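Colleague: structural data only, the sequence is not supplied:
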C-alpha cells in the first residue's frame, strides 16, 4: 500500500508541476500582448507625446480636454458611438441567435453550407468589406443602388450615399450587421446543437405548447455560457467595427463627422495628428466603456442563472 501511495504522490506532484508549465506560455503572451499594452496606454494617457520626442507628464489634462473641450467628440463622436453600439450590438446579437437556432433545425449538409455562407463575411477585413459595399453605394449611375432606384423612377439623379451626412451612419450599421456573424454566431450554433433532445421531449410532456416557449424555457437556459460569450463578442465587435466608416468614405474624419466613432477618433489623433497622449486617453475611456458593458452583460446572465 505504501508503494501505491508513493506512486500516487509522484503522479500528483507531476500534475502540480506540469499545470503551471503548460500555462506559462499563455500567461507570458497574455502579459506581453494584453496587460503590458494596457499599462503603457494608461501611462501615456497622462502625458503629452507626439511619437518623436520624450513624453511629458501633463496629469489629467488629456481627460479634461476630452470631456470639456473636444467639441467634435462631444457633439459627434460620442453620440455616433452610442447610436452605433445600441443598434448594432443588440440587433447583431439577436440576429446571431436567430440564425443559429434556425440552422440547427435543418439537415447537417445544408446547415454546414449555410453556416459557412453566413460566417464568411466576418472573415473579410474592413477594407475588403468596404470594397464590396462601395460597388452598391457608389454615388454615380454605376452604383447598384442608384441604378435600381433610377430604373424604378424613385430618384431622378444619383445620390452620394457615402458623402451624405444623413446616410453614412445607417450604411455603417447595415454593413456591420452583414459582417457580424463571427465567432459568437458559431458558438451559439454549437450551443443549440449540443442541447439534449430529451429536454425538449420532457418539456412538451410538462406543458410546452410551441417553439417560442421551447426557445424561452429550454434553448436559452441550456446554453447560457454560449449566450454570454456571444454577448461579449458582440460588444467587442460593435466597438471595433467603427472603423468601417473610414473604409467606406475613404476619409478620417468622415464627412461632417457623421460616421466618426471613438475608434476612428483614436486613429485621427494618434496617427494623423500625432497626439499620442490624447489618443491614448480616448483609448482608455473606450476600454473602460467596453469593460463596464461586459460586466453588465456578465451580471445579467449570472442573475438569470440564479433565477
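Modeller: Ah, there it is. Everything numeric here is computed off the predicted structure, so don't read it as measured data. Numbers count the residues shown, from 1 in each chain.
Colleague: CA only for contacts and neighbour counts going forward, please
Modeller: Fine.
Colleague: point out where the stretch 1-150 of the chain drops to low pLDDT.
Modeller: Low-confidence segments of the stretch 1-150 of the chain (pLDDT under 70): 1-19.
Colleague: check the offset of stretch 115-130 from the chain's centre.
Modeller: 14 Å (CA atoms, centre = their mean, to the nearest Å).
Colleague: meant to ask about stretch 81-95
Modeller: Centre-to-centre, stretch 81-95 and its host chain are 9 Å apart (CA atoms, centre = their mean).
Colleague: can you pull the buried residues of it?
Modeller: By 16 or more other CA atoms under 10 Å, the buried positions in stretch 81-95 come out as 81, 84, 85, 88, 89, 92, 93, 94, 95.
Colleague: and the host helix or strand of the second one, what does it pack onto?
Modeller: Assigned by DSSP states H and E, residue 84 belongs to helix 78-103. Contacts defined by 3 or more CA pairs under 8 Å, 6 or more residues apart in numbering; DSSP states H and E place helix 78-103 against helix 108-123, helix 168-178, helix 183-193, helix 224-240.
Colleague: I'd like to know which of those is closest to residue 278.
Modeller: Between residue 278 and the helices and strands packed on helix 78-103, the tightest spacing by CA to CA is seen for helix 224-240, at 18.8 Å.
Colleague: residues contacting the closest one, please?
Modeller: Contacting residues not belonging to helix 224-240 are listed as 81, 84-85, 88-90, 92-93, 176, 180, 183-185, 187-188, 191, 220, 263, 290, 293-294, 297-298, 301, 305 [CA atoms under 8 Å, 6 or more residues apart in numbering].
Colleague: after it, which helix or strand is next?
Modeller: helix 244-249.
Colleague: that following helix - what's its average pLDDT?
Modeller: What helix 244-249 shows for mean pLDDT is 89.
Colleague: what about the helix or strand just after that helix, average pLDDT?
Modeller: For helix 244-249, the following helix or strand on the C-terminal side (DSSP H and E) is helix 262-267. The predicted model gives helix 262-267 an average pLDDT of 93.
Colleague: hmm, who's touching helix 262-267?
Modeller: The contact list for helix 262-267 (CA under 8 Å, 6+ apart) reads 73, 77-78, 81, 239-240, 242-243, 246, 252-253, 279-280, 282-283, 286.
Colleague: separate out the buried members of the residues you listed.
Modeller: 73, 77-78, 81, 239, 242-243, 246, 252-253, 279-280, 282-283, 286.
Colleague: cool, thanks, signing off.
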